[in-house]
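Undergrad: Provided below are the primary sequence and the corresponding predicted coordinates.
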Amino acid sequence: MATATSARVTLFEDIFEITALNPEGKKFERVNRLCATGTTFECDLLLDYNCQIYSLLEGEKMTLVLASTLNLDGSPDDHTSYNPAAHARGETTLADNYEYVMHGRVFDVSYKKDGVVVIAISFGGLLCRLTGDQRHVSSILPDMRLYILIKKD
């Protein structure tokens, strides 16, 4: 569970139920594409992830967080490198509470009718599309660098 201090760095959080895996067929050996629906905000999620290192199944629920930093105190990351020395010193990060973490960049934010927003994020070529009410995703901006953190429920 995320701590109170991590709430400041959380841009979006919801529990998603996986409705389909590879709905258009499996395209890559090491990548699955999932479709999921948020249980609280009813956002739609399309997400590519490395299925060799993390397993998800249709029907499972997962908590998904989008965060601007992994630092629990809210201090910004440099977003250019990972510092394993901090972890070796016993410093905890938001990532310690999750099973699968990726770093990426928002490359498109499209505003549709009725306050719906479609956010497209690339995690080194693994793509994410989050569609939902702009009230719930308003803190996610174009060209923003962020982290996606996932754990099974």
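TA: Cool, the structure landed.
Undergrad: poorly predicted segments of the chain, please.
TA: 1-8, 79, 81-87 (pLDDT under 70).
Undergrad: try it again with 90
TA: 1-9, 71-93 (pLDDT under 90).
Undergrad: what does the helix or strand hosting Asp48 contact?
TA: Asp48 is part of strand 44-50 when elements are defined by DSSP states H and E. Contacts with strand 44-50, where a contact means Cβ atoms under 8 Å, 6 or more residues apart in numbering, come from 16, 30-38, 56, 64, 100, 102, 123, 126-132, 148, 150. From N, CA and C alone the C-beta is placed, and that goes for glycine too.
Undergrad: next: stretch 110-120.
TA: Contacts for stretch 110-120 (Cβ under 8 Å, 6+ apart): 106-109, 127-135, 137-138, 140.
Undergrad: recalculate using a threshold of 7 Å.
TA: Stretch 110-120 is contacted by residues 106-109, 129-134, 137, 140 when judged by Cβ atoms under 7 Å, 6 or more residues apart in numbering.
Undergrad: in this protein, which spans are strands?
TA: With DSSP state E applied, the chain shows strands at 10-21, 31-38, 44-50, 61-67, 100-111, 116-123, 126-133, 145-152, listed in chain order.
Undergrad: distance to Thr80 and mean neighbour count for the ones you listed - can I get that in a markdown table?
TA: Putting the strands of the chain into a markdown table (distance: least, Cβ to Cβ, whole Å; neighbours: other Cβ atoms under 10 Å) gives the following:
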| stretch | distance to Thr80 | mean neighbour count |
| --- | --- | --- |
| strand 10-21 | 19 | 18 |
| strand 31-38 | 24 | 20 |
| strand 44-50 | 21 | 19 |
| strand 61-67 | 17 | 21 |
| strand 100-111 | 10 | 16 |
| strand 116-123 | 15 | 18 |
| strand 126-133 | 19 | 19 |
| strand 145-152 | 9 | 20 |
